[in-house]
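**Q** Next input, structure requested:
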Amino acid sequence: MSKKNKFFADDGWAMWVDGDDVSTVYLNNWLNPKGKSYMDVAMHIRGIRETTSFNMYLPFPVDKNEIEDVSLNFEDENLSRAIFSSMCVIDYKKNVATSEIAYNGKTVDIVHLSAIEYTVKPVSQGTLLKVPFTELLKYIDNDEAYFIFRVPHKSMDDVFKKRLDVGNVMTRMRDLLLTPMVAERYGYSVRINEARLLPNEINCIGAFHRQKLKKAVLTISIDEGYELNDTGCYRIRRMEEELYKGFLPNKFPTTDAVTYQWQQSREANLKGQFNFYLNISRQNISKASMFVYMVLFVLLGASGNACWDLIKFIYSLIF
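**A** All right, here's what the predicted structure looks like:
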């Protein structure tokens, strides 16, 4: 018999680019059930010269000082090879705001978010990030550009946090004896540009409804001890630790980490709305149950020896 716990996060994100309808968003999750989780956001904009801003709604509060500009790590060719799945020619910091990467026969700009002006403000229960292109475009040399940054994934931290069992002592002891196997179960939903999950402050923005993402890609890296329902999964692989060295979030467990990837395109959904749902599970032996068993074993052993000594004493008195 196993004890089952089920916790759930339903994240509603919004991404739009004024004047562009062929952009792609990449959400790369570094899930750490025993520590802090993070999400890397990458927005690939085609036709950036015809756009005026990049906007994103995050479904939890984020301060500006919590946003990490991971694009600054792209000086490392190993990292670019891991992310773009190709050998890249890198012109690192070709100017104050961008680097340039050539791969697969094309050249794109990597925008360094920390070098440009952008705003972060609270909206409802989340955060709105807005990057205006007024000053940025003078640094852009190509028609395609990436914005890449990292934020703490607070909704998943809440899902994975430890919760106190408030059952009475006898009920808790019974559970420890009868249910040594603990089945952890988590649900995780990522919904992008779905109005019913977004606050009114976002739904009233006209540019949000006019813009349509071309594709959304969701990636999750997590310890192999956790299982994911990989139905519809585009790719499963073991994370290349050597290539990602120096890029991973602080204290992220890289040993035996497995990466899963899903992708959806707007070919079947012209509104550019995307919905990913995942079950994350793990089954393990309760340490508390093992401790109780060990204590009982010691007590039974001690009482058995005492009983045997008593029997031998009584026997010596009689005979």
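**Q** Going along the chain, name the helices of this protein.
**A** Listed in chain order, the helices found in the chain under DSSP state H are 77-84, 154-160, 169-178, 200-203, 206-210, 241-244, 287-318.
**Q** List the contacts of the fourth one.
**A** The contact list for helix 200-203 (CB atoms under 8 Å, 6 or more residues apart in numbering) reads 14, 57, 123-124, 128, 195, 208-209. All C-beta atoms are positioned from the backbone trio N, CA, C, and that covers glycine.
**Q** Would you pull up how far that helix lies from the middle of the chain?
**A** Counting by CA atoms, centre = their mean, to the nearest Å, helix 200-203 is centred 25 Å from the centre of its parent chain.
**Q** The second one too?
**A** Distance of helix 154-160 from the chain centroid (CA atoms, centre = their mean) equals 10 Å.
**Q** Who are the packing partners of it?
**A** Using 3 or more CB pairs under 8 Å, 6 or more residues apart in numbering; DSSP states H and E, the elements in contact with helix 154-160 are strand 2-17, strand 181-192.
**Q** And that helix, what's buried?
**A** Residues of helix 154-160 classed as buried under the neighbour-count rule (16 or more other CB atoms under 10 Å) are 154-157, 159-160.
**Q** beta partners for Ile220?
**A** Beta-bridge partners for Ile220, by DSSP bridges, are Asn29, Tyr260.
**Q** can you count the residues close to it?
**A** The number of residues packed near Ile220 is 26, by other CB atoms under 10 Å.
**Q** my guess is it meets Leu228, correct?
**A** Yes: under the criterion of CB atoms under 8 Å, Ile220 is in contact with Leu228, at a separation of 6.7 Å.
**Q** Common neighbours of these two, please.
**A** Counting by CB under 8 Å, 6+ apart, the residues touching both Ile220 and Leu228 are 260, 278.
**Q** Can you tell me the closest non-neighbouring residue to Met156?
**A** With CB to CB, 6 or more residues apart in numbering as the criterion, Met156 has its nearest non-adjacent residue at 4.3 Å, and that residue is Ser37.
**Q** now the one you found: how far from Val190?
**A** Counting by CB to CB, to the nearest Å, the gap between Ser37 and Val190 amounts to 13 Å.
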